[in-house]
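Colleague: starting from these lines, generate the structure:
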Amino acid sequence: MMMRRWSVSARVGPTASARSGRGRGGGQEPSMATMTDIAREAGVSLSTVSYALSGKRPISASTRTRIDQAIAKLRYHPTASARALALKRTSLLGLAVPQRPDVDDHVIMEFVGSILSAAHEADYDVVLVTAEDRERALRIVEEGKVDALIVMDIVEDDERLPDLARLHSPVVLIGNPQDTNGLACVDFDFLAGAMLAVRELHGRGASRIAMLKPPSAAAGGPVPTYARRARLGYTMACAELGLDSEVVELPPDSAAVADFVRDQILSGARFDGLFVHHEPALAMLGRAMSQLGVACPEEVQVAAIAPADVARNGPWEVSSVDLPIPSIGRSTVAMALERLRDREVPAHTRLLSPTFVPRATTLP
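Modeller: Sure, this is the predicted structure:
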């Protein structure tokens, strides 16, 4: 997955061609306005313009109006460095994005897009760094290049957390580890979502419900917090309902998914309900069941945890506990800014509640 580094592009002065009064085509190119130009146009001192832009001292309404009119006329835009000095902040949020081979690029980029949108609404921009490059992620905070850091795709026993907890700037995790190291967290409630999906399948008549998930990480490999919590929710719901639990690990491979349908559903109908926490396999499962003549939902009902667009697209519309990625992005940015405004706010965890959306793969 190729990631871009997003940041503010600050123009700190007129270009060489502007200083010489010549553009590329030989014509006159206007220089970028400065605060001195604003002061001259408004008929006020340079310090008054500085106070108006920084808000450090009150100025009269009439003076404010003249300065605003001068800014509009001269099309003045303060540079990023000037804004940072005036406001004592960079207006940048750092975002550590995973690039491991096992992450779902589609879902990751949905998260990135939601955070970019929420930051933009709050007049912030975002700097992307590779989550696995721990030193770079720490450095952009320690050097004051960003005001706060958001870290995606937290795993259990995440080795980065102690270092992140020592930073003086706010850090917000997207994930819900068992040990947060005192850091703020935002996530979807995967445990409650898995329990809800199993209860909905059972309430619609399914009594032999398997969980489909990707293959587990190799021994000692990273276990995403959402994977642990979804599996725990599934087993807890089965225990609550008196059902046998069986977790089936499937690679995201069409042949493997077809073999599962053939061996575990057609040959003896071992399962009549499937809880799927495996987005890449959803479309493959739908195609395999259709090709092998398995009637869904009459013979086998399916419910998933997945983003709404993943659940609705493909060969079928899957009943699901929709993963609210835009809401997670907004909540994460809101928590980062909340902690910027008030450093005394205690770090806490914010979990978004699940909602089940029945579609074509479950009975009424």
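Colleague: leaving out chain neighbours, which residue sits closest to residue 154?
Modeller: Take residue 154 and drop its neighbours on the chain: the residue closest to it by CB to CB, 6 or more residues apart in numbering is residue 175, 2.8 Å away. Glycine gets a C-beta too; all of them are placed from N, C-alpha and C.
Colleague: for the one you found, what are its contacts?
Modeller: 151-155, 158, 185, 187, 224-226 (CB atoms under 8 Å, 6 or more residues apart in numbering).
Colleague: helices along this protein, start to end?
Modeller: Assigned by DSSP state H, the chain shows helices spanning 16-19, 35-42, 46-54, 61-74, 80-87, 105-121, 134-142, 161-165, 190-203, 225-241, 254-260, 279-291, 308-312, 325-341.
Colleague: now these as a markdown table including mean neighbour count and distance to residue 302?
Modeller: Converted to a markdown table, these look like this (neighbours: other CB atoms under 10 Å; distance: least, CB to CB, whole Å):
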| stretch | mean neighbour count | distance to residue 302 |
| --- | --- | --- |
| helix 16-19 | 11 | 62 |
| helix 35-42 | 18 | 62 |
| helix 46-54 | 18 | 57 |
| helix 61-74 | 15 | 58 |
| helix 80-87 | 16 | 49 |
| helix 105-121 | 18 | 19 |
| helix 134-142 | 16 | 38 |
| helix 161-165 | 16 | 36 |
| helix 190-203 | 23 | 8 |
| helix 225-241 | 20 | 14 |
| helix 254-260 | 16 | 12 |
| helix 279-291 | 20 | 7 |
| helix 308-312 | 18 | 10 |
| helix 325-341 | 20 | 21 |
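Colleague: for residue 95, find the nearest of these.
Modeller: Residue 95 lies closest to helix 105-121 among the helices of the chain, at 5.9 Å (CB to CB).
Colleague: what's the angle between that closest one and helix 325-341?
Modeller: Using axes from the mean of the first three to the mean of the last three CA atoms, to 10 degrees, the inter-axis angle of helix 105-121 relative to helix 325-341 is 40 degrees.
Colleague: let me have the helices of the chain in a markdown table, adding mean pLDDT as columns.
Modeller: Shown next, in a markdown table, are the helices of the chain (pLDDT from 0 to 100):
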| stretch | mean pLDDT |
| --- | --- |
| helix 16-19 | 36 |
| helix 35-42 | 86 |
| helix 46-54 | 77 |
| helix 61-74 | 87 |
| helix 80-87 | 50 |
| helix 105-121 | 92 |
| helix 134-142 | 90 |
| helix 161-165 | 94 |
| helix 190-203 | 98 |
| helix 225-241 | 96 |
| helix 254-260 | 94 |
| helix 279-291 | 93 |
| helix 308-312 | 92 |
| helix 325-341 | 94 |
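Colleague: wait, which of the ones you listed is closest to residue 127?
Modeller: helix 134-142 (6.4 Å).
Colleague: show me how far that closest one is from its chain's centre.
Modeller: From the chain centre to the centre of helix 134-142 is a distance of 19 Å (CA atoms, centre = their mean, to the nearest Å).
Colleague: so what touches it?
Modeller: So helix 134-142 is contacted by 94, 96, 127, 129-131, 145-146, 148-149, 151, 159-160, 163-164, 167, 169, 171 (CB under 8 Å, 6+ apart).
Colleague: buried among those? Make that a PyMOL selection.
Modeller: Applying 16 or more other CB atoms under 10 Å to these, the buried members can be selected in PyMOL as follows:
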select buried, resi 94+96+127+129+131+146+148+149+151+160+164+169+171
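Colleague: if we ignore the residues flanking it in sequence, what's nearest the residue nearest the centre of the chain?
Modeller: With distances taken as CA atoms, centre = their mean, the chain has residue 111 as the residue nearest its mean C-alpha position (3.0 Å). Nearest non-adjacent residue to residue 111, counting by CB to CB, 6+ apart: residue 325, 5.7 Å away.
Colleague: now that neighbour: how far from residue 352?
Modeller: 10 Å (CB to CB, to the nearest Å).
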